[in-house]
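S.K.: Take this sequence and fold it.
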Amino acid sequence: MKKDEDYGLVLSTKENDDIKSARIIGTKYFQLVEFDLNPDANVNVQDKIFIGKGSEIIKQERSQLSYDDLNKTEEFEVEKAIHSIVIANEPYYVEFFNKQSKEGSQLHLLDDSLSRKLGSKILAEKELNGDFESFEDIDSRIRFIDSSMELVVNRILHEMIVEHTIKKGRPVYLFTVVKSSNKKEVPEYDEFVTDDTRFIEMIKEKGLLEKEGKRIK
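M.R.: Just a heads-up that it's a prediction; the model follows:
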């Protein structure tokens with residue numbers, strides 16, 4: 001793995017010729033990895049398992065994966081896993097909002113329609129009334145955010161699906177460590193700057209958006 005992951009959620013399992021394997025998403029950096037499992041390992045999809053050194057489940061790392069390597073079922077399980085990970089680690093992601101400053105805010109990177117001006121309003125609210133305590137606290141205090149949790153989830157998905165395909169400019173990762181795309185042909189960077197319709201339509205189909213359009217009003 002590019003960075004150490006102590007735990008992961010199981011996306012799929014397979015057994016061929018008495019060799020067990022599992023595809024797993026890390027709970028810290030969202031790395032996608034395929035592992036060979038020990039013969040007596042018994043794991044199910046969405047189980048949280050220890051994958052660090054000394055794991056009694058993991059035999060060896062088989063390969064690092066990109067999102068392009070996943071099948072449709074695994075893509076669905078990735079989305080479920082990301083929601084579970086973000087919810088379970090809510091204080092960590094809320095701290096992302098709290099640690100931003102006027103000198104180097106990254107809030108505008110959460111969504112294309114979250115402008116620097118709107119990001120400044122979030123910073124002003126934090127300075128006036130103190131740090132945010134939860135996703136619910138953010139949503140209640142910032143009127144133009146429908147769901148701060150979904151902003152984080154969608155940004156993580158964007159980094160896994162889109163950001164690593166950028167050919168012009170440098171991709172920006174706020175929450176993930178992602179393996180480069182295996183696709184030979186990738187969209188141009190300008191396409192995503194000017195039009196994110198394809199990404200929005202995809203996550204709408206997956207049920208990650210409740211209504212047409214972006215979440216930021």
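S.K.: How about the secondary structure of Lys168?
M.R.: coil (DSSP: H, G, I helix; E, B strand; the rest coil).
S.K.: Let me know the pLDDT of it.
M.R.: Turning to Lys168, the model gives it a pLDDT of 74.
S.K.: Also the one 3 residues further on?
M.R.: Among the per-residue scores, Pro171 holds a pLDDT of 88.
S.K.: Return the residues in contact with the nearest residue to it once chain neighbours are set aside.
M.R.: Excluding the flanking residues, the one nearest Pro171 by Cβ to Cβ, 6 or more residues apart in numbering is Glu163, at 4.4 Å. Heads up, the C-betas are built off the backbone N, CA and C, glycines and all. Listed by Cβ atoms under 8 Å, 6 or more residues apart in numbering, the contact partners of Glu163 are Pro171, Val172, Tyr173, Val178.
S.K.: and the second one, what is it in contact with?
M.R.: Contact analysis of Val172 by Cβ under 8 Å, 6+ apart lists Gln106, Leu109, Glu163.
S.K.: Residues contacting the longest helix anywhere in the chain, please?
M.R.: The longest helix of the chain (DSSP state H) is helix 72-88. Residues outside helix 72-88 that contact it (Cβ under 8 Å, 6+ apart): 9, 11-12, 23, 25, 27, 30, 32, 45-46, 67, 70, 93, 149, 152-153, 156-157, 160, 206, 208.
S.K.: Drop anything exposed from those.
M.R.: Buried members of the contacts of helix 72-88, scored by 16 or more other Cβ atoms under 10 Å, are 9, 11, 23, 25, 27, 30, 32, 45, 67, 70, 93, 149, 152-153, 156-157, 160, 208.
S.K.: number of nearby residues for Pro91?
M.R.: Burial of Pro91 is recorded as 9 neighbouring residues (other Cβ atoms under 10 Å).
S.K.: Which residues outside the helix or strand Lys126 falls within are in contact with it?
M.R.: Per DSSP states H and E: Lys126 is located in helix 116-129. With Cβ under 8 Å, 6+ apart as the test, helix 116-129 has contacts from 97-98, 100-102, 105, 107-108, 132, 141-142, 144, 216.
S.K.: Report all helices and strands that the helix or strand following that helix contacts.
M.R.: Using DSSP H and E, the helix or strand that follows helix 116-129 in sequence is helix 135-141. Contact partners of helix 135-141 among helices and strands, from 3 or more Cβ pairs under 8 Å, 6 or more residues apart in numbering; DSSP states H and E: helix 90-98, helix 148-161.
S.K.: Return the angle between stretch directions for the shortest one and helix 116-129.
M.R.: So the one you mean is helix 90-98. Orientation of helix 90-98 against helix 116-129 (axes from the mean of the first three to the mean of the last three Cα atoms, to 10 degrees) gives an angle of 110 degrees.
S.K.: Please consider this matter closed, and thank you.
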